[in-house]
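Colleague: I would like the atomic coordinates for the input below:
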Amino acid sequence: MRLFKLFTPVLLSIVLIFLDARFSYLDNFKRFTLTLLSPIYVIVDLPGHVIDWVNDKGTENELLVSQNDYLEGQLIELKAKLQTYNNLALENQKLSNLLESSYLIPDHNVKLARIKSITQSRLSKKIIINKGLNDNVTLSDLVIGSDGVVGQVTEVTPLYSTVKLLSDPTQHMPVKNSRTGIRGITKGLASNEKGMIIEFIPLESDIKIGDIFVTSGIGNSYPSGYFVGRVNSTDESLNSSFMRVSLEPTQNMNKLELVLIVKEKND
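Modeller: Have a look, this model is predicted:
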């Protein structure tokens, strides 16, 4: 009896397989069964599809992150190159401005120099430039920027030179008013200010705020016509025979990087 129960399903399966292979009696039943079971197949396959989708998305995200990192690297590199190009453009512009300045002094030679350091304390205002005796720099040479006079060479070594700025309290320079021709001598201030005063201007002289004073060329120490400073205040004190005229240098020392050393051609 037990043997019969055991083999009955096996025999039934063999019969069904034979009938399915030889005849089409079970086709409708198979389609019906597959239709009923299809949702189950979908549910069973769903975790696999989800895993595949997550893996695909993960791979896609990794690719996007990698591409983003690469593009960011390229952007940083391009920005660095742009900074270099912009800096070169600025350097070229500064050189052009200095060369335009040199056209005003046909009887003098000029030599380009770069500022190495700058000191602007209350009692000492000077810069160090990278030209010296080896470059034929000598004491008292005039130093100019693109916007006006910077100062005068006061110390020289083989490789470097010290330039005393116009605003140094011990610096004096003969100047004249470019509008009226009135002459005077500048003197730096012993203070933290960057300006100068003009000495020996007679009272009631025609001096206006905004007037430009230039080198006068008196004494042949410097070429004439170079901007020195702009008038920012005047004071006609009753206790003095001269007017006090304050100047602001036309050359901004804070922005200065390159200068020209001016020398006479027969030096």
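
Colleague: From now on I want contacts and neighbour counts done on CA atoms only, so please keep to that.
Modeller: OK.

Colleague: Walk me through the domains of this structure.
Modeller: As assigned by automatic domain parsing, the chain contains the domains 1-103, 108-264.

Colleague: Compare these and say which comes out lowest on pLDDT.
Modeller: Of all those, the segment with the smallest mean pLDDT is domain 1-103, scoring a mean of 63.

Colleague: looking at this, residue 65 is in a helix?
Modeller: Yes. Secondary structure assignment places residue 65 in a helix (DSSP: H, G, I helix; E, B strand; the rest coil).

Colleague: neighbours of it, just the number please.
Modeller: By the criterion of other Cα atoms under 10 Å, residue 65 has 12 neighbours.

Colleague: For stretch 126-145, buried residues please.
Modeller: Neighbour-count burial for stretch 126-145, counted by 16 or more other Cα atoms under 10 Å, picks out 126-132, 137-138, 140-145.

Colleague: can you give me the end-to-end distance of that stretch?
Modeller: End-to-end span of stretch 126-145 (Cα to Cα, to the nearest Å): 14 Å.

Colleague: Could you check how far residue 165 is from residue 113?
Modeller: Counting by Cα to Cα, the gap from residue 165 to residue 113 is 15 Å.

Colleague: Tell me which of these two has more neighbours.
Modeller: Higher neighbour count among residue 165 and residue 113: residue 165, with 27 against 20, using other Cα under 10 Å.

Colleague: tell me the contacts of the residue nearest to residue 174 when sequence neighbours are not counted?
Modeller: With Cα to Cα, 6 or more residues apart in numbering as the criterion, residue 174 has its nearest non-adjacent residue at 4.4 Å, and that residue is residue 185. Residue 185 makes contact with 172-175, 198-200, according to Cα atoms under 8 Å, 6 or more residues apart in numbering.

Colleague: What strands line up against the longest strand along the chain, and which way round?
Modeller: Taking DSSP state E as the criterion, the chain has its longest strand at strand 108-120. Here strand 108-120 is paired, per DSSP bridges, with strand 125-129 (antiparallel), strand 258-264 (antiparallel).

Colleague: would the residue nearest to residue 174 count as being in a strand?
Modeller: Yes. The assignment for residue 185 by three-state DSSP puts it in a strand.

Colleague: Residues in a beta bridge with it, which ones?
Modeller: Where residue 185 sits in a bridge, its partners, by DSSP bridges, are residue 174, residue 199.

Colleague: Residue 182 contacts residue 176, doesn't it?
Modeller: Yes. If you go by Cα atoms under 8 Å, residue 182 and residue 176 touch, sitting 5.3 Å apart.

Colleague: Neighbour count for the two, which is higher?
Modeller: The neighbour comparison of residue 182 against residue 176 (other Cα under 10 Å) goes to residue 176, with 24 against 16.

Colleague: What residues of whichever helix or strand the more buried one is part of count as buried?
Modeller: Assigned by DSSP states H and E, residue 176 falls within strand 172-177. The neighbour-count check on strand 172-177 (16+ other Cα under 10 Å) flags 172-177 as buried.

Colleague: Remind me what it packs against, helices and strands.
Modeller: strand 183-188, strand 212-215 (3 or more Cα pairs under 8 Å, 6 or more residues apart in numbering; DSSP states H and E).

Colleague: and with 10 Å instead?
Modeller: Strand 172-177 is packed against strand 148-156, strand 183-188, strand 196-202, strand 212-215, strand 227-235, with contacts defined by 3 or more Cα pairs under 10 Å, 6 or more residues apart in numbering; DSSP states H and E.

Colleague: how big is the angle separating it from strand 196-202?
Modeller: When axes from the mean of the first three to the mean of the last three Cα atoms, to 10 degrees is applied, the directions of strand 172-177 and strand 196-202 differ by 60 degrees.
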